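Peer 1: After the sequence you'll find the predicted model.
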Amino acid sequence: MRRIVHISDLHYGRVDPTLEQPLSDAIHALAPDLLVVSGDLTQRARVGQFKAAAAFLDHLPKPQLVVPGNHDTPLDNLWVRFASPFGRYRRHICNDLEPVFRDDELAVVGVNTVNRYSWQRGRIGKTRLRRLSARLADNADKLRIAVLHHPLEHGPETGKRLMRGAEETLAELSACGADLVLSGHLHMASAEPFRAVPDLLFVQAGTVLSTRLRHDEPNTFNQLDHDGDLLSVTTWAAQKGGFAPVARSDWRQGTDGWHRVAAAAE
């Protein structure tokens, strides 16, 4: 069995500090095999915000796989944004913008979808997509997971523009045998197969620490447990006294895609 904790959209510079210790306690208690952070560690990519985010991550379990989000490139300093958009992120968080984690059961590959020329809308180019596909295709005996900040599909409740290359990315991920996609950006938690590509499960994380809540959703993070052919996704939400599990879905992957199954007996 492998356990992943998936957090996203910390937004240091706009965090609720009363959530930091309860979140750390909850994640440590879960003892994940991997902690995934799918972007937006900061609100405005300022040095002090990166330092605060790095200090918080230092207190969380290792190993960690972290990718940047659109808020992790400077908005209010255009020179830095275009000349060295990820300089501060590399210096304080991780030098690798496309990290990879592998063990006997998992192959988890990060990809940078931030577009320096567009503040909100992400993109993925052909070279980056080929690299992501090759890294996942080499691990056919493992659960193969892509991690990116921007979602590859939007629901009707989302007013943001879908990232450039989303359709091509979904097709390529399906062709290379990927199983899951983890992302953030929308501050909403969910787990469903992609409508366009049902052989890929789309796990979306909400914002874990930010005060920038949307659609009346609380601060949340996801717990993923993979055991044999069963994948369980549990959403934890901030409540009085700490974080607690509030929703769970169990999934199995068949030849025609992912199917929800009854929760396993406790």
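Peer 2: Great, that's in hand.
Peer 1: C-alpha only now, for contacts and for neighbours.
Peer 2: Will do.
Peer 1: pLDDT score assigned to Gly39?
Peer 2: Gly39 is assigned a predicted lDDT (pLDDT) of 96.
Peer 1: Kindly report the same for Met163.
Peer 2: Met163 carries a pLDDT value of 89.
Peer 1: What of Pro156?
Peer 2: 65.
Peer 1: got it, and Ala107?
Peer 2: pLDDT, Ala107: 97.
Peer 1: what do you get for Pro245?
Peer 2: Confidence score, pLDDT, at Pro245: 98.
Peer 1: so what's Asp225 up against?
Peer 2: Neighbouring residues of Asp225 by C-alpha atoms under 8 Å, 6 or more residues apart in numbering: 1-4, 231-233.
Peer 1: Go again with 10 Å.
Peer 2: Contact partners of Asp225, counting by C-alpha atoms under 10 Å, 6 or more residues apart in numbering, are 1-5, 32-33, 231-234, 250.
Peer 1: So how do I select the buried members of those residues in PyMOL?
Peer 2: Applying 16 or more other C-alpha atoms under 10 Å to those, the buried members can be selected in PyMOL as follows:
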select buried, resi 2+3+4+5+32+33+231+232+233+234+250
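Peer 1: Let's see which of the contacts of Asp225 end up in strands.
Peer 2: Mapping the contacts of Asp225 onto strands (DSSP state E) picks out 2-5, 231-234, 250.
Peer 1: quick one on the thing from earlier: just curious, which of the contacts of Asp225 is nearest to Asp72?
Peer 2: Among the contacts of Asp225, Val5 lies closest to Asp72 (C-alpha to C-alpha), at 21.0 Å.
Peer 1: in terms of contact, does that closest one touch His226 like I think?
Peer 2: No. Counting by C-alpha atoms under 10 Å, His226 is not a contact partner of Val5; they are 11.6 Å apart.
Peer 1: list residues touching both of the two?
Peer 2: Both Val5 and His226 are contacted by Val233, under the criterion C-alpha under 10 Å, 6+ apart.
Peer 1: quick one on the thing from earlier: which pair in the contacts of Asp225 spans the largest distance?
Peer 2: Largest pairwise distance in these, by C-alpha to C-alpha, is 19.1 Å, between Asp33 and Asp250.
Peer 1: Take the contacts of Asp225 and write them to CSV, including pLDDT and distance to Gly241.
Peer 2: Formatted as CSV, these follow (pLDDT from 0 to 100; distance: C-alpha to C-alpha, whole Å):
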residue, pLDDT, distance to Gly241
Met1, 95, 29
Arg2, 98, 27
Arg3, 98, 24
Ile4, 98, 23
Val5, 98, 20
Pro32, 98, 22
Asp33, 98, 25
Leu231, 97, 28
Ser232, 97, 25
Val233, 98, 22
Thr234, 98, 19
Asp250, 98, 27
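Peer 1: So which residues of the chain form helices?
Peer 2: Ranges of helices in the chain, per DSSP state H, are 20-30, 47-58, 78-83, 87-92, 126-137, 166-176.
Peer 1: measure Ala244 to Thr234 for me?
Peer 2: In this structure, Ala244 and Thr234 are 10 Å apart, going by C-alpha to C-alpha, to the nearest Å.
Peer 1: overlap in contacts of the two?
Peer 2: Joint contacts of Ala244 and Thr234 (C-alpha under 10 Å, 6+ apart) are Phe221.
Peer 1: Relative to Asp72, how far out is the most centrally placed residue in the chain?
Peer 2: Residue closest to the average C-alpha location in the chain (C-alpha atoms, centre = their mean): Ser38, at 3.1 Å. To Asp72, Ser38 is 11 Å away according to C-alpha to C-alpha.
Peer 1: Could you list the low-pLDDT ranges of the protein?
Peer 2: Applying pLDDT under 70 to the chain picks out residues 119, 156, 158-159, 263-266.
Peer 1: Mind jotting down where the strands sit in it?
Peer 2: With DSSP E as the criterion, the chain has strands spanning 2-7, 34-38, 64-67, 100-102, 106-110, 143-147, 180-183, 190-193, 201-204, 220-227, 230-239, 242-254, 257-261.
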